[in-house]
Structures are given as structure tokens and as C-alpha cells.
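Student: Sequence plus predicted model, see below.
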Amino acid sequence: MRSAKVERKTKESQVLVELNIDGTGNTSIDTGEPFFNHMLEQLGKHSGFDLKVKTVGDMEVDSHHTVEDTSLAIGQALREALGDKAGIRRFGDALVPLDEVLVQAAVDLSGRPYLVHNQPHIVELIGTFDTTLGKHIWESLVATAQIALHIRVLEGANAHHVLEAQFKAVARALKDAVALDNQVKGIPSTKGTL
């Protein structure tokens, strides 16, 4: 099993992430931010990753530190679970509709962090969730996972749908990228490392 357990502790939050890439999409998510919980459930379910997250953060300030530190820990867990990446497909992409919204995501498990993120302007709050954190979630995850990720919202403007479709599209792209391919011998790079 390709899995990892990451604990991240700061003065602002305490995060525990357990990730099994070769899971069945089982999730147990508790970050203290209901909408973020819902998004991480989408990530686990649609990637097929078993994902357990427990975060206690300084929510009395706002959800920024909780969301950021959780995303950093998930990215780190993904990187650790992938190991040397031998035999993986490496690349994955998905085009995901959610009612009026259409999102395209493409990922390269390259070892080089890079994010391209395009979405329309959306309302600033979904419940208590600050939607400006949407891009920051991906920035944080990309930084520690050391992957290249492109996300484009092609249609739609409903804030809930715009963010949820991104999580589903990224999940589907990751599912393809981490898949083992018996035609891939060793590391899928001419450099010999990812």
C-alpha cells in the first residue's frame, strides 16, 4: 500500500493526515470548517484515496491557518505516499461538469511545484468559508506535494459549484496520475527522477 501519515503542529494549528493512495475513497474529515470538510470528502471520494484528516486550528481568528496547514499536510502526505514514483502514469487530466459549471484539471507528478489557476470572480463567502482560500488550498498542496497543477473553470459562476467541481476534477486527475501502469518501467522520466 502506498500510504503516509503526516502530523503538522504550529502555534496556529495541529493537523493529522493519513492518506492511502491505494484505497477505496473512504474519508473521515474534521477540520472545524464544514465547507472545507465537504471539499476534502470530494477529494478522497473521487480520487479513490482513503483520506483521514483531523485539524484543530485557531478558528477564533478565521479559517485561513486551518485551511492552509491542512492543505500543506495533505500535499506532504501525497508526496511521501508516492515514494520514488516508479511505475506510475505521472500525468492525469479530467474534465468535470457540476450542473452549470465545467472545470478542467491537469496534473504532472513532476517533482516541481507549479500552479496555474483560473476561475471567475465568485461571492466571498459560502457559509463561513472564505472563497478566496480556494486558490490558496491548491497553492499550499502543490508546494508540498511538488506537483504541477493546472485548473481552469471553463463555465459557471455558482461559488459552491465552482469550488466543488475543482476538487472533483483534481481528484480525478490525481487518480489517473498515481495509477500504476505495467507498461511503465521504473521512473517515468528521462531524467531518471521525479
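Tutor: Arrived safely.

Student: only C-alpha atoms for contact and neighbour calcs from this point on.
Tutor: Noted.

Student: Point out the other elements, helices or strands, that the one helix or strand residue 17 maps to touches.
Tutor: Secondary structure here is read from DSSP states H and E; on that basis residue 17 sits in strand 13-20. Using 3 or more C-alpha pairs under 8 Å, 6 or more residues apart in numbering; DSSP states H and E, the elements in contact with strand 13-20 are strand 3-9, strand 50-57, helix 64-82.

Student: Sort out which residues of the first one are buried, please.
Tutor: Okay, so that is strand 3-9. By 16 or more other C-alpha atoms under 10 Å, the buried positions in strand 3-9 come out as 3, 4, 5, 6, 7.

Student: Run through the residues that contact the residue nearest to the fourth one when sequence neighbours are not counted.
Tutor: The one in question is residue 6. Nearest residue to residue 6 in three dimensions, chain neighbours excluded: residue 17, at 5.2 Å (C-alpha to C-alpha, 6 or more residues apart in numbering). For residue 17, the contacting residues are 5, 6, 7, 51, 52, 53, 54, 70, 73, 74, 77, by C-alpha atoms under 8 Å, 6 or more residues apart in numbering.

Student: Adding pLDDT, write those residues out as a markdown table.
Tutor: As requested, the contacts of residue 17 are exported to a markdown table (pLDDT from 0 to 100):
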| residue | pLDDT |
| --- | --- |
| 5 | 98 |
| 6 | 98 |
| 7 | 98 |
| 51 | 98 |
| 52 | 98 |
| 53 | 98 |
| 54 | 98 |
| 70 | 98 |
| 73 | 98 |
| 74 | 98 |
| 77 | 98 |
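
Student: Filter those down to just the buried residues.
Tutor: 5, 6, 7, 51, 52, 53, 54, 70, 73, 74, 77.
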